[in-house]
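> just to be clear, the model below is a prediction. Sequence and coordinates:
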Amino acid sequence: MIITTDDELQKLKAIGRICAQAVEVMAKALEPGITTLELDQIGRKVLEDNGAQSAPEFCYQFPGATCISVNEEVAHGIPGARVIQAGDLVNIDVSAVKDGFFGDTGSSFAVPPIKREVEKLVRDGRRALWTGLQQVKTGKPIAGIGNAIGTFAKKNRYTLITNLASHGVGRSLHEEPTEVPTWPDPDESRIMEEGLVFTVEPFLSLGGTWAEDGGNGDPWTLYSDPKALTVQFEHTIVVTRNGPLILTLAE
């Protein structure tokens with residue numbers, strides 16, 4: 001999607017803010033003893049109270065309002081009876097639709113007490129996102145995002161999941177530009193246009209390079225291969241001459 005009117009921008013900001021607020025409220029409720037289903041219901045209430053609808057449910061009939069992935073799970077975890085434990089690494093990914101416009105955001109959280117290695121992974125996951133966001137500007141190559149994140153990951157001795165890409169978003173949850181790499185990709189040749197809307201969502205890992213299903217009859221949840229703790233941080237942005245305009249802020 002290329003934004004062409006202020007009305008489009010305001011509606012994208014509105015749904016982006018709702019998604020960010022859902023993540024924020026869910027994160028505050030995250031503590032040992034809560035189930036992922038209870039956490040999901042908290043997120044669902046934020047969406048519904050603001051007139052928004054879960055995008056995974058709306059688009060894909062996903063069995064939950066939000067995606068909650070714990071420890072060995074990398075993405076698309078189904079909310080259910082799993083009980084959050086102290087020391088868990090939890091990713092909350094919220095995407096939603098309102099007035100025909102979509103927003104998409106996510107963050108990873110560690111439930112105290114946590115190992116220093118995990119604390120550092122969470123901190124560096126956020127840094128990896130911002131490293132990529134700094135490459136967003138009208139006229140610059142999309143490849144610059146993955147190149148910068150790749151350099152950051154290598155320098156800090158992390159790996160990146162290289163089959164979970166960022167993506168265009170706006171009038172639908174997944175649209176052009178498709179498969180925006182958050183890792184170095186020599187075949188990526190597209191240029192960022194003014195007003196282009198897409199996500200930036202690197203998956204930084206302690207050794208994982210690929211996401212695959214668990215072969216356990218669950219068609220949604222993805223796990224890292226090799227098995228390793230992985231974090232994801234995500235914003236929806238608009239490309240401008242001055243850099244990225246972040247749509248998924250809670251304020």
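On my side now, so go ahead.

> please count neighbours and contacts with C-alpha atoms only from this point.
Will do.

> now I149: how far from Y158?
10 Å (C-alpha to C-alpha, to the nearest Å).

> what do you get for P244?
According to C-alpha to C-alpha, P244 stands 25 Å off from Y158.

> likewise for S54?
32 Å.

> who has more neighbours, those two?
S54 (23 against 20; other C-alpha atoms under 10 Å).

> buried ones in stretch 126-137, by neighbour count?
126-133, 135-137 (16 or more other C-alpha atoms under 10 Å).

> my read is that I149 contacts D185, right?
No. Between I149 and D185 there is no contact under C-alpha atoms under 8 Å: 11.2 Å.

> return the distance of the strand or helix carrying A96 from the chain's centre.
In this structure, A96 sits in strand 89-98 according to DSSP states H and E. Relative to the centre of its chain, strand 89-98 is centred 7 Å away, using C-alpha atoms, centre = their mean, to the nearest Å.

> okay, now the sheet partners of it, with direction.
Taking DSSP bridges as the criterion, strand 89-98 forms sheet pairs with strand 53-54 (antiparallel), strand 67-70 (antiparallel), strand 101-110 (antiparallel).

> output the ones you listed as a markdown table; include the columns mean pLDDT.
Output for these, formatted as a markdown table (pLDDT from 0 to 100):
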| stretch | mean pLDDT |
| --- | --- |
| strand 53-54 | 98 |
| strand 67-70 | 98 |
| strand 101-110 | 98 |
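
> would CSV of these with distance to V238 be doable?
Listed next are the strands paired with strand 89-98 as CSV, based on distance: least, C-alpha to C-alpha, whole Å:
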stretch, distance to V238
strand 53-54, 21
strand 67-70, 23
strand 101-110, 11
